[in-house]
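> sequence and predicted structure below; questions after.
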Amino acid sequence: MKLLFNLETVLTRIEQAIAKYPKAAMFELYERGFTSLFEQLVSCIISVRTMDETTIPVSLRLFDQARTPQAMLLLPHENLTQLLYGSSFPGQKAETMLGIAKVAIEKYNGQLPASFDDLIALKGVGPKCANLALGVAAKLPAISVDIHVHRVVNRWGITQTTQPEQTMLFLQKTIPQEKWIDVNRLLMPFGKHICTGVLPHCSTCPVLEYCEQVGVMKHR
């Protein structure tokens, strides 16, 4: 018999459990001083289909050469692509970043607006990266749902969604705004290290008594 789901307790226990693991990439980069909306958005683009262990060093390599839209536009496409080597689709991401930098300068005087609608209007920017950048850099209430967050909340049984965007909308309707940024900050490393896609660590999970273990056939 599972306990009635209690978000406050669940998030508190998860925060304690993940303390020994690396922070999610965007939060780690923020703590290292890469705090602008542009930097956070660019790093999130790097992170798409790329592990955090690669996202962070690639981001650092890029920011050593360009941390602003103005500096990025000085980089030829080929050079920018080389800086992004290691992440998935570096050439495509380079094109996306140059496009964002150009719009930032031509339309927003070099400063991207802290607006979800304006960010997702940028070519190559989806809801996950827009919300994550807004939550981390601008401290706005925003929920970013990646594959880990999507899997975890569906495994808990609090929702039944098939796409991350559906999960995002569900969480926005059911979770208090002051908890929104915690969703990615806590559930991403929790899903990566504890509530894993294959053989989750259910036997040592801090929130097992609240989890319906939906779809879990085998676990550790």
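It's in.

> where are the low-confidence patches of the chain?
Along the chain, no part satisfies pLDDT under 70.

> domain assignment for it?
The chain resolves into domains spanning 7-18+143-210, 25-137 when parsed by automatic domain parsing.

> can you give me the helices in the chain?
With DSSP state H applied, the chain shows helices at 7-17, 25-31, 37-47, 52-63, 69-73, 77-83, 90-108, 116-120, 127-137, 147-156, 164-174, 180-193, listed in chain order.

> closest one to residue 203 among the ones you listed?
Ranking the helices of the chain by distance to residue 203, with C-beta to C-beta as the measure, places helix 7-17 first at 13.2 Å. All C-beta atoms are positioned from the backbone trio N, CA, C, and that covers glycine.

> and the closest one, what other elements does it pack with?
Judged by 3 or more C-beta pairs under 8 Å, 6 or more residues apart in numbering; DSSP states H and E, the packing partners of helix 7-17 are helix 180-193.

> render the CA-only coordinates of the helix it packs on in CSV, please.
Coordinates of the C-alpha atoms in helix 180-193 are reproduced here as CSV (Å, rounded to 0.1, in the frame of the first residue of the first chain):
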residue,chain,number,x,y,z
TRP,A,180,8.6,24.7,-10.6
ILE,A,181,12.4,25.3,-11.0
ASP,A,182,13.0,22.5,-8.4
VAL,A,183,11.4,20.0,-10.9
ASN,A,184,14.5,20.0,-13.1
ARG,A,185,17.0,20.9,-10.5
LEU,A,186,16.1,17.8,-8.4
LEU,A,187,14.4,15.3,-10.7
MET,A,188,17.0,15.4,-13.5
PRO,A,189,19.9,14.1,-11.3
PHE,A,190,17.4,11.9,-9.4
GLY,A,191,16.3,10.3,-12.7
LYS,A,192,19.9,10.0,-13.9
HIS,A,193,21.4,8.4,-10.9
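
> can you give me how far that helix is from the chain middle?
The chain centroid and the centroid of helix 180-193 are separated by 9 Å, computed with C-alpha atoms, centre = their mean, to the nearest Å.
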